[in-house]
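Trainee: coordinates for the following, if possible.
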Amino acid sequence: MHRYIAVVLFSFLLPLFSGAQTFKNDSIKLFLDRSVHLIKSNSINAGNIEPIKNVLYERSKNLTSIDEVAPLFEDVFKGLDDYHGSLKYKGKTYGWAKKSSYVNPYLKARLRTETSVSSQLIDGSYGYIRIPGNNDFGFKKVDSIANDIVSHINIVDTERLKGWIIDLRVNTGGNMYPILLALKEFIGNDVIFGGFRNAQNESSGNWEIKDNHLLIDGTRLERKSGLAYPNKARIPIVILISGYTASAGEMTAISFIGRPNVYLVGEPTANYTTAVQGFEIGETAAINLSTDYVIDRNRKIYKNSIIPDFEILSGDNFENMYEDDKIRKALLLFKNSKNWVY
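Mentor: Numbers count the residues shown, from 1 in each chain. As a prediction, this is how the structure comes out:
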């Protein structure tokens, strides 16, 4: 079940293979053999591993320690076109930081300050909740994160609300499962609303809500707190996204795509829509690999950014919601009854 964005899971090693190069240090060759084998067996981008392997082995054969080898994995991940994966070695991370042309100075500055969930009532009729990313990479905070989101929903919720704005503009990732657990009533019921597909286009897990319970790959996640007004399956929703919406933020947005009465407003997302798993190499090293693509409830596969239904660039204003162009668009959508099915 713990296949999710940006989380390290450890697994036991599989049988190794040998290369033809002669190395000064046998431990380096063993390290590389293990790493390449894991890439071949698990990465969605393993099709081009052979030329990457050849260059890596050639550059490593005269090195004397794995400390010197680890930085070479930045080029490995670049060759794999995997900027979501990385090598973890002795507490350091070696990956490919793909440069993005996206610029939104306002939101970039808010990434440092908007780190807590917040909610408020807009126009007396619409709920608003902003959910940032989290750092629950060890599944230690599922309850607290989910309960915090639920409590913020309940603060402003009434049975008379006509719609909800779910703001993911500063959600840069983390653990998606507590977010989905908190929002399950909004996502729907008795529905498979997403899941994973491996490199062979085979199903490798489903996200499902059945009998009002969230199931991930068949495992049920429970939430301790409840919504004061849980009838949310068809209430109009506008999801706000940006170029900083990444990883778990993107998975949250995908979980709503295809639901009745939902629009996405904002900017194309960051394109971290692969699921990542981690595999142990040794006592001090593990490799994180993009192993699966994500699908929505209509089985659409996401290999690139999520494109909003209504693209609005910039115009963000957390200090004054009524001056925020994306929120203003959401309010216009809510007030036009032809957009919604009741």
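Trainee: going forward, measure contacts and count neighbours with C-alpha atoms only.
Mentor: Will do.
Trainee: where does the protein dip in pLDDT?
Mentor: Low-confidence segments of the chain (pLDDT under 70): 1-21.
Trainee: longest strand in it, please.
Mentor: strand 285-296 (DSSP state E).
Trainee: packing partners for that strand?
Mentor: helix 26-42, strand 86-89, strand 191-197, helix 248-256, strand 274-282, strand 301-302 (3 or more CA pairs under 8 Å, 6 or more residues apart in numbering; DSSP states H and E).
Trainee: what element comes up after the shortest one heading to the C-terminus?
Mentor: Later in the chain than strand 301-302, the nearest helix or strand by DSSP states H and E is strand 310-311.
Trainee: just checking, what packs against the next helix or strand after that next one?
Mentor: Sequence-wise, the next helix or strand downstream of strand 310-311 (DSSP H and E) is helix 325-335. Applying 3+ CA pairs under 8 Å, 6+ apart, one finds that helix 325-335 contacts strand 163-167, strand 262-266.
Trainee: dump the ones you listed to a markdown table, plus distance to residue 284.
Mentor: Below are those laid out as a markdown table (distance: least, CA to CA, whole Å):
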| stretch | distance to residue 284 |
| --- | --- |
| strand 163-167 | 38 |
| strand 262-266 | 41 |
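Trainee: before we move on, the earlier item: which one of the helices and strands packed on strand 285-296 lies closest to residue 216?
Mentor: Residue 216 lies closest to strand 191-197 among the helices and strands packed on strand 285-296, at 8.3 Å (CA to CA).
Trainee: what lines up beside the closest one in the sheet?
Mentor: Strand pairing for strand 191-197, determined by DSSP bridges: strand 203-210 (antiparallel), strand 285-296 (antiparallel).
Trainee: and that strand, how far from the chain's centre?
Mentor: Distance of strand 191-197 from its chain centroid, counting by CA atoms, centre = their mean, to the nearest Å, is 14 Å.
Trainee: ok, stretch 317-324 next?
Mentor: The answer for stretch 317-324 is 26 Å, by CA atoms, centre = their mean.
Trainee: run through who's touching it.
Mentor: 315, 316, 325, 327, 328 (CA atoms under 8 Å, 6 or more residues apart in numbering).
Trainee: quick one: residues contacting the second one.
Mentor: Taking CA under 8 Å, 6+ apart as the criterion, residue 316 is in contact with 106, 107, 323, 324, 325, 326.
Trainee: repeat for the last one
Mentor: Going by CA under 8 Å, 6+ apart, residue 328 touches 321, 322.
Trainee: can you do 10 Å?
Mentor: 315, 321, 322, 334 (CA atoms under 10 Å, 6 or more residues apart in numbering).
Trainee: same check, this time on the third one
Mentor: Counting by CA under 10 Å, 6+ apart, residue 325 makes contact with 265, 266, 312, 313, 314, 315, 316, 317, 331.
Trainee: from those residues, which single one is nearest residue 27?
Mentor: Proximity of the contacts of residue 325 to residue 27, judged by CA to CA, is greatest for residue 266, which lies at 49.5 Å.
Trainee: tally of neighbours for the closest one?
Mentor: A count of nearby residues for residue 266, using other CA atoms under 10 Å, gives 28.
Trainee: surely residue 100 meets residue 270?
Mentor: Yes: judged on CA atoms under 10 Å, residue 100 makes contact with residue 270 at a distance of 8.4 Å.
Trainee: the more surrounded of these two?
Mentor: residue 270 (21 against 8).
Trainee: quick check: residue 291 touching residue 196?
Mentor: Yes: if you go by CA under 10 Å, residue 291 and residue 196 touch, sitting 9.2 Å apart.
Trainee: between residue 100 and residue 270, which contacts overlap?
Mentor: Joint contacts of residue 100 and residue 270 (CA under 10 Å, 6+ apart) are residue 243.
Trainee: re the thing from before, and the helices and strands packed on strand 285-296: which comes nearest residue 208?
Mentor: Each of those has some distance to residue 208 by CA to CA; the shortest is strand 191-197, at 4.2 Å.
Trainee: just want the angle from the closest one to helix 248-256.
Mentor: Per axes from the mean of the first three to the mean of the last three CA atoms, to 10 degrees, the angle that strand 191-197 makes with helix 248-256 is 130 degrees.
Trainee: could you shift the numbering so residue one becomes 45, and keep it that way?
Mentor: Done: numbering now begins at 45, and the last item shifts to strand 235-241.
Trainee: picking up where we left off before, gap between the longest strand of the chain and the chain center?
Mentor: Distance, centroid of strand 329-340 to centroid of chain: 11 Å (CA atoms, centre = their mean).
Trainee: and residue 68, which of the three is it?
Mentor: Secondary structure, DSSP: H, G, I helix; E, B strand; the rest coil: residue 68 is coil.
Trainee: quick check: it vs residue 265, distance?
Mentor: Noted for residue 68: a distance of 50 Å to residue 265, by CA to CA, to the nearest Å.
Trainee: now do residue 123
Mentor: From residue 123 over to residue 265 the distance is 37 Å, taken as CA to CA.
Trainee: cool, and residue 115?
Mentor: Residue 115 is 38 Å from residue 265, where distance means CA to CA.
Trainee: residues touching residue 237, list them.
Mentor: Here residue 237 is in contact with 231, 250-253, 298-303, 339-343 (CA under 10 Å, 6+ apart).
Trainee: among these, the buried ones, what's the PyMOL command?
Mentor: Only the buried entries of the contacts of residue 237 go into this PyMOL selection, using 16 or more other CA atoms under 10 Å:
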select buried, resi 231+250+251+252+253+298+299+300+301+302+303+339+340+341
